[in-house]
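Asker: Fold the following and give me the result.
(chains A and B)
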2 protein chains.
Amino acid sequence: MKIFSFWRSLATYRVRIALNLKGIVPDEVIEVNLMKGQQREAEFRAVNPMMAIPALADGEGPALFESLAILEYLDEIKPNPPLLPKDPKGRARVRGLAQVVACDSHPLVVPRVREYLENELKVDETGRAKWCAHWIAAALQGIEAHLASEKATGTFCHGDQITIADICLASQAAGAKFFGVDMAKFPTAARIVQTCMSNDAFARAHPLKQPGAPAQN
Amino acid sequence: MKIFSFWRSLATYRVRIALNLKGIVPDEVIEVNLMKGQQREAEFRAVNPMMAIPALADGEGPALFESLAILEYLDEIKPNPPLLPKDPKGRARVRGLAQVVACDSHPLVVPRVREYLENELKVDETGRAKWCAHWIAAALQGIEAHLASEKATGTFCHGDQITIADICLASQAAGAKFFGVDMAKFPTAARIVQTCMSNDAFARAHPLKQPGAPAQN
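Answerer: Residues are numbered from 1 along each chain as shown, chains lettered A, B, ... in the order given. Reported below is the predicted structural model:
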């Protein structure tokens, strides 16, 4: 198994957490440097035409793409520990929470969007930072409303088992830190993220623990 | 089963297609008028704190949210006809293609984003239209690269069975029409959409066939 990765990619962070939880060690981690635009080079476009990471090559055939699709794949090929509950409504809630991050929020702050804001719409650095913080916070507000009010919330987003919702929430919290959004406004989410980060599978997958990341202060 | 819906919502279109394919008739269709901002009213925020449609209430408990989570739920509670292939790699490919639409593209053109562009960034109507067309086309380009080059492509996105990838592609084609993107540039995608639209489950779910939609010319 080969994973295409970059330290800063929040979507790749999700896949690293799942690999750690499942005890899968990829044979190779191939860096795609988003800051140098390597995701747009022909070599990587042949792997993922959307020019985005993560991508995961597992044996024969085209690489897998999109973080949530990869998380479900890992859960299907190695079902333990499970990353989804068993009941359809629980699964829908977990997938819904994950998608608030992966659909409604994160795609708005990725490099290609920040670059369009800068180059096409001439939005300055302050405006771009405000944009990113806005969409990160909007999703956290929605997630907090679910977590704080719904009986299904437990130690983790859904009961006492780690699911893909927790994985996505951890990536959102890392994004909140990058873009200066205060997690204290979202106390249930913050509490769950703190619990997640005490788990080694989450902690060692963190962007700032990856090769190439800036030194932590 | 109650579905919260609006004629123009591309994400709700996806759920309508799945309901039709599965032969499920909701007991109630509740209009949430996005053009009047009803998704932000307290009554609907209590249903979905992200203030977005679709939402689906099925018996007890909070409503389900996020279109892809709802599609998987429908596939789990009524497995026939299946909307995903059986093998993990095939499922990952189908989910990945669906997520190119539902994660990488559609969230960039929804009302809340167009409103931020207008009100916060003072982007004029031409600029907003260009923005929407850009992200719709970028995803179609990525999807076309997959469909045109991969052996798994068949009558539909994945073999000869309708999957959630086709449902999402049909919604993307409707978005392309709204925002003036020419599907002819994406011939494999266009061919599959045309096949889908000859299926009554897709055709009668189309935004322009819903109550409240403008008359077609």
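Asker: Name all residues that make contact with A:Pro85.
Answerer: A:Arg91, A:Val94, A:His158, A:Gly159, A:Gln161, A:Thr163 (C-beta atoms under 8 Å, 6 or more residues apart in numbering or on different chains). In this view, the C-beta of every residue, glycine as well, is placed from N, C-alpha and C.
Asker: Specify the local secondary structure of it.
Answerer: coil (DSSP: H, G, I helix; E, B strand; the rest coil).
Asker: So A:Leu56 lies in a helix, does it not?
Answerer: No: using three-state DSSP, the assignment for A:Leu56 is strand, not a helix.
Asker: Please report the confidence value the model assigns to it.
Answerer: Here, the pLDDT recorded for A:Leu56 equals 98.
Asker: Show me what it bridges to in the sheet.
Answerer: A:Ile3, A:Leu64 (DSSP bridges).
Asker: That one is in contact with A:Met1, isn't it?
Answerer: Yes: contact criterion C-beta atoms under 8 Å: A:Leu56 and A:Met1 qualify, at 6.7 Å.
Asker: Neighbour count for those two, which is higher?
Answerer: A:Leu56 (26 against 16; other C-beta atoms under 10 Å in any protein chain shown).
Asker: Contact partners for that one?
Answerer: A:Met1, A:Lys2, A:Ile3, A:Phe4, A:Val15, A:Ala63, A:Leu64, A:Phe65, A:Ile70, A:Tyr73.
Asker: Just the buried subset of the contacts of A:Pro85, please.
Answerer: Neighbour counting by 16 or more other C-beta atoms under 10 Å in any protein chain shown classes A:Arg91, A:Val94, A:His158, A:Gln161, A:Thr163 among those as buried.
Asker: on that earlier part again, reformat the contacts of A:Leu56 into a markdown table and put pLDDT next to each item.
Answerer: Output for the contacts of A:Leu56, formatted as a markdown table (pLDDT from 0 to 100):
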| residue | pLDDT |
| --- | --- |
| A:Met1 | 97 |
| A:Lys2 | 98 |
| A:Ile3 | 98 |
| A:Phe4 | 97 |
| A:Val15 | 98 |
| A:Ala63 | 98 |
| A:Leu64 | 98 |
| A:Phe65 | 98 |
| A:Ile70 | 98 |
| A:Tyr73 | 98 |
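Asker: Out of those residues, which is nearest to B:Leu147?
Answerer: A:Phe65 (13.3 Å; C-beta to C-beta).
Asker: could you measure that closest one against A:Pro111, distance?
Answerer: 16 Å (C-beta to C-beta, to the nearest Å).
Asker: Mind checking which of these two has more residues around it?
Answerer: The residue with more neighbours, out of A:Phe65 and A:Pro111, is A:Phe65; 27 against 17, by other C-beta under 10 Å.
Asker: show me what contacts that one?
Answerer: A:Asn48, A:Met50, A:Ala52, A:Pro54, A:Ala55, A:Leu56, B:Gly96, B:Val100 are the contacts of A:Phe65 under C-beta under 8 Å, 6+ apart.
Asker: burial count for the fourth one?
Answerer: When you say that, I think you mean A:Pro54. Considering only other C-beta under 10 Å, A:Pro54 is surrounded by 25 other residues.
Asker: Ok, the third one next?
Answerer: Look at A:Ala52: counted by other C-beta under 10 Å, it has 26 neighbours.
Asker: Would you agree it is in contact with A:Gln39?
Answerer: Yes: with contact defined as C-beta under 8 Å, A:Ala52 counts as touching A:Gln39 (6.3 Å).
Asker: In stretch A:75-92, which residues are buried?
Answerer: Result for stretch A:75-92 [16+ other C-beta under 10 Å]: buried residues A:Asp75, A:Lys78, A:Leu83, A:Leu84, A:Pro85, A:Pro88, A:Lys89, A:Gly90, A:Arg91, A:Ala92.
Asker: What mean pLDDT does that stretch get?
Answerer: 98.
Asker: follow-up on the earlier one: nearest to A:Glu28 among the buried ones among the contacts of A:Pro85?
Answerer: Closest to A:Glu28, out of all of the buried ones among the contacts of A:Pro85 and judged by C-beta to C-beta, is A:Thr163, at 27.6 Å.
Asker: Report whether the longest helix along chain A contacts chain B.
Answerer: Secondary structure of chain A read by DSSP state H shows that its longest helix is helix A:125-149. Yes: interface with chain B: helix A:125-149 contributes A:Gly127, A:Lys130, A:Trp131, A:His134, A:Ala138, A:Ala139, A:Gln141, A:Gly142, A:Ala145, A:His146 (C-beta under 8 Å from any C-beta of the partner chain).
Asker: now those: which count as buried?
Answerer: Here, 16+ other C-beta under 10 Å leaves A:Lys130, A:Trp131, A:His134, A:Ala138, A:Ala139, A:Gln141, A:Gly142, A:Ala145, A:His146 buried among the residues of helix A:125-149 next to chain B.
Asker: In JSON lines: the contacts of A:Phe65, plus distance to B:Arg191.
Answerer: Formatted as JSON lines, the contacts of A:Phe65 follow (distance: C-beta to C-beta, whole Å):
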{"residue": "A:Asn48", "distance to B:Arg191": "23"}
{"residue": "A:Met50", "distance to B:Arg191": "20"}
{"residue": "A:Ala52", "distance to B:Arg191": "25"}
{"residue": "A:Pro54", "distance to B:Arg191": "30"}
{"residue": "A:Ala55", "distance to B:Arg191": "26"}
{"residue": "A:Leu56", "distance to B:Arg191": "28"}
{"residue": "B:Gly96", "distance to B:Arg191": "20"}
{"residue": "B:Val100", "distance to B:Arg191": "18"}
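Asker: If anything else comes up later, I'll come back, but that's it for now.
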